[in-house]
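# Show me how the following folds:
(chains A, B, C and D)
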2 protein chains.
Amino acid sequence: MDDDVPRAIRALWGAQAGGRRGPKPALSVRTIAEAGVELADRQGLAAASMAGVAKHLGFTTMSLYRYVDSKADLQMAMVDAALGPPPEISLRLGWRKQLTTWAEAEVVRLGAHPWVLEVRLSSPPLGPNSLAWMDRGLGILGRAGLRPQRAASTLLFVDGYVRQHIALGLQYADGGAGWADRLRGVLPEGDLPHLANALAEGVFDDDPSDFPADEFHYGLDLILDGVEREATR
Amino acid sequence: MDDDVPRAIRALWGAQAGGRRGPKPALSVRTIAEAGVELADRQGLAAASMAGVAKHLGFTTMSLYRYVDSKADLQMAMVDAALGPPPEISLRLGWRKQLTTWAEAEVVRLGAHPWVLEVRLSSPPLGPNSLAWMDRGLGILGRAGLRPQRAASTLLFVDGYVRQHIALGLQYADGGAGWADRLRGVLPEGDLPHLANALAEGVFDDDPSDFPADEFHYGLDLILDGVEREATR
DNA sequence: CACAAACTGTGTAGGATGTAAAGAGTTATT
DNA sequence: AATAACTCTTTACATCCTACACAGTTTGTG
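Here you go, the predicted model:
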């Protein structure tokens, strides 16, 4: 029934064991996940290896396997921990403003833990924080008048947009410096005229730090316009 | 100048060496990349390790380093190879139909090589196929009346939407079977009411194979509506 | 033509990774 | 007091990426 839910996730939901016999556990899935988050924040996702997390906690690598069945499960827990609880959003605002707040909050969270986007999850989220975000979003869209099915797919749409936006910003921030120049170095003369034109117009020379805010709201509003038409139909 | 462009990518653009002295190379970046694509298609991205690709070609692991400086560079080449050349799109169609075709073609390509989404690129694309797709897209949006800057960001938007759509489909196809049930097993009674409601409505029980087409065009049209308003302004 | 230079693919080696299995120690229950 | 259950550790292994030194082959030069 719920055997398919990884042990680590069940622990996050607060499943505590009953009469236990041995020594008390020195760690918990939550502290392990938080250690992983800290490492990933500071030195990238790769630093959050089993050995790395264990050392950071002052334990052996293998000790983690008492709490987490695999690295994949650790990463699930890390993602949930990094996301944190969803924001409180005043119900007195219009649904549009509410969803915007929701999305902006996600931008902030993912922006603070960008490695979350690198984690390849084998299944849709099951952690308490992830699901709380989802619940909040569904509530907003439900009150906006969308039927559950539409609300769900719309929320995934918005969530995907946020992630895409962050991922893009990162890609152009990390290895994007001088991308335009490298492009120029590679493009054969006369080939790919539209790209060459954009390049000549300096489209890709911009400081990627303007990118965020304006661009983000342009796209988000575009999506919300569509939702609005759908909702009032 | 173009020293920052990985050797492997320059090779993809057809950079050939001049008077070479030793034996003729038995391989090429392209054949290596194609071998990697084949392995990744059949057994997942992890199978496209240096050792895996080399063995599949009948060479030593280290031999690949004559062509490719690192695994990251191999993956860049693989991504470009998997993408392949962009589709021919009749200019007689309206721009909207053209961009839809472009997006659908990308869905097909990425759907055939889903591991592309797992590859973490350190920089925006520089390969010939990637850039050809970009050029095609920019052409379509330029003819639609968008200024280069807007055309670029819009294209990234659409591209991101496509990727997000595929990634989502995969996530719910891979580990999504029975997700609704696992959710039910994990959700505490009374908590997260909107999610519980959606769950009760069977929103997440659907066969994820209906997901693709309808859902995809719903979102895409929504985006294109926005673009259209922007273009005719 | 002989020789050196440049290039090819190979062999070996080392550090890091994820995790299986067995062991030693600690606590609670019987 | 004895046993069962649980803790963390130790050891081990397969696999991964890649640095480096080597042997062989082709080309250009003196």
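# Let me know the secondary structure of the closest residue to DNA strand D within chain A.
When scored by Cβ to the nearest atom of the strand, chain A has residue A:22 as its residue closest to DNA strand D, at 2.4 Å. Placement of C-beta: from N, CA and C, glycine included. Following DSSP: H, G, I helix; E, B strand; the rest coil, residue A:22 is assigned to coil.
# Can you read off the pLDDT for it?
Among the per-residue scores, residue A:22 holds a pLDDT of 90.
# Tell me how many other residues crowd it.
Using other Cβ atoms under 10 Å in any protein chain shown, residue A:22 is surrounded by 5 other residues.
# same check, this time on residue A:91
By other Cβ under 10 Å, 10 other residues sit near residue A:91.
# Close to DNA strand C: what parts of chain A are there?
Selection of chain A residues close to DNA strand C by Cβ under 7 Å from any atom of the strand yields A:19-24, A:46, A:49-52, A:61-62, A:65, A:70-72.
# Please enumerate the helices of chain A.
Remark: helices assigned in chain A by DSSP state H are A:7-12, A:29-43, A:50-57, A:71-83, A:95-112, A:128-143, A:148-174, A:179-186, A:193-200, A:211-231.
# Quick one: closest of the ones you listed to residue B:91.
Among these, the nearest to residue B:91 by Cβ to Cβ is helix A:193-200 (12.6 Å).
# So what's the gap between the closest one and the chain middle?
Between the centre of helix A:193-200 and the centre of its chain there are 33 Å (Cα atoms, centre = their mean, to the nearest Å).
# per-residue confidence averaged over that helix?
Helix A:193-200 comes out at a mean pLDDT of 96.
# And stretch A:203-221, by the same measure?
For stretch A:203-221, mean pLDDT is 79.
# Do me a favour and get the end-to-end distance for it?
Distance between the two ends of stretch A:203-221: 23 Å, counting by Cα to Cα, to the nearest Å.
# which residues sit in contact with the nearest residue to residue A:143 once chain neighbours are set aside?
Leaving aside its sequence neighbours, residue A:143 sits nearest to residue A:95 (Cβ to Cβ, 6 or more residues apart in numbering or on different chains; 5.7 Å). Counting by Cβ atoms under 8 Å, 6 or more residues apart in numbering or on different chains, residue A:95 touches A:140, A:141, A:143, A:144, A:231.
# out of those, which are buried?
Buried by 16 or more other Cβ atoms under 10 Å in any protein chain shown: A:140, A:141, A:144, A:231, out of the contacts of residue A:95.
# Contacting DNA strand D as well, which ones from those?
Among the buried ones among the contacts of residue A:95, none lies close to DNA strand D by the criterion of Cβ under 7 Å from any atom of the strand.
# Compile these into TSV and extend it with columns for pLDDT and distance to residue B:13.
Formatted as TSV, the buried ones among the contacts of residue A:95 follow (pLDDT from 0 to 100; distance: Cβ to Cβ, whole Å):
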residue	pLDDT	distance to residue B:13
A:140	98	48
A:141	97	46
A:144	95	49
A:231	81	48
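# mind checking how far the residue nearest to residue A:143 is from chain B?
Distance, residue A:95 to chain B, using Cβ to the nearest Cβ, to the nearest Å: 13 Å.
# Could you do residue A:68 as well?
17 Å.
# if I look at residue A:204, how far off is chain B?
Shown here: residue A:204 relative to chain B, a distance of 7 Å by Cβ to the nearest Cβ.
# If you could redo that for residue A:13, that was the one I meant.
Going from residue A:13 to chain B by Cβ to the nearest Cβ gives 6 Å.
# wait, isn't that residue in contact with residue B:186?
Yes - applying Cβ atoms under 8 Å, one finds residue A:13 in contact with residue B:186, separated by 5.9 Å.
# Point out the one among the helices of chain A that comes closest to residue B:31.
helix A:179-186 (20.8 Å).
# what residues are up against residue A:6?
Residue A:6 makes contacts with A:69, A:73, A:76, A:126, as judged by Cβ under 8 Å, 6+ apart.
# quick check, stretch A:52-61 touching DNA strand D?
Yes - Stretch A:52-61 reaches DNA strand D (Cβ under 7 Å from any atom of the strand) through A:59, A:60, A:61.
# just to revisit the earlier point, could you restrict the contacts of residue A:6 to the ones contacting DNA strand D?
Of the contacts of residue A:6, not one also sits near DNA strand D (Cβ under 7 Å from any atom of the strand).
# So which of those residues is the closest to residue A:5?
residue A:126 (6.0 Å).
# distance of the closest one from residue A:52?
Noted for residue A:126: a distance of 25 Å to residue A:52, by Cβ to Cβ, to the nearest Å.
# swap in residue A:197?
47 Å.
# can you check residue A:158 too?
Distance, residue A:158 to residue A:52, by Cβ to Cβ: 34 Å.
# Point out where chain A drops to low pLDDT.
Along chain A, the parts satisfying pLDDT under 70 run over A:1-3, A:17-19, A:207-212.
# Can you read off the backbone torsions of the closest residue to residue A:7 other than its chain neighbours?
Leaving aside its chain neighbours, residue A:7 sits nearest to residue A:69 (5.7 Å; criterion: Cβ to Cβ, 6+ apart). Note on residue A:69: backbone dihedrals following degrees, to the nearest 10 are phi -80, psi -20.
# check contacts around the closest residue to residue A:178 other than its chain neighbours.
In space, and not counting its chain neighbours, residue A:178 is closest to residue B:4: 6.5 Å by Cβ to Cβ, 6+ apart. Contacts for residue B:4 (Cβ under 8 Å, 6+ apart) come out as A:178, A:181, A:182, A:185.
# For the residues you listed, which single residue is the most surrounded?
residue A:182 leads these on contacts (other Cβ under 10 Å) with 22 neighbours.
# Around DNA strand D, which positions in chain A sit nearby?
So far as Cβ under 7 Å from any atom of the strand goes, chain A lies against DNA strand D at A:17, A:20-27, A:59-63, A:65-67.
# Any quick PyMOL command for the buried ones out of those residues?
In PyMOL, this line selects whichever of these come out buried by 16+ other Cβ under 10 Å:
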select buried, chain A and resi 27+59+63+67
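# Narrow the residues of chain A next to DNA strand D to those in strands?
Members of the residues of chain A next to DNA strand D lying in strands (criterion: DSSP state E): none.
# ok, residue A:68 touching residue A:77?
Yes - between residue A:68 and residue A:77 there is a contact at 6.9 Å, judged by Cβ under 8 Å.
# wait, doesn't residue A:156 sit right on residue B:168?
Yes - if you go by Cβ under 8 Å, residue A:156 and residue B:168 touch, sitting 6.2 Å apart.
# Could you pull out the buried residues of stretch A:174-192?
Within stretch A:174-192, the residues that qualify as buried are A:175, A:176, A:179, A:180, A:181, A:182, A:183, A:185, A:186, A:187, A:192, counting by 16+ other Cβ under 10 Å.
# hang on, the earlier thing: ok, of the contacts of residue A:6, which come out buried?
By 16+ other Cβ under 10 Å, the contacts of residue A:6 give A:73, A:76, A:126 as buried.
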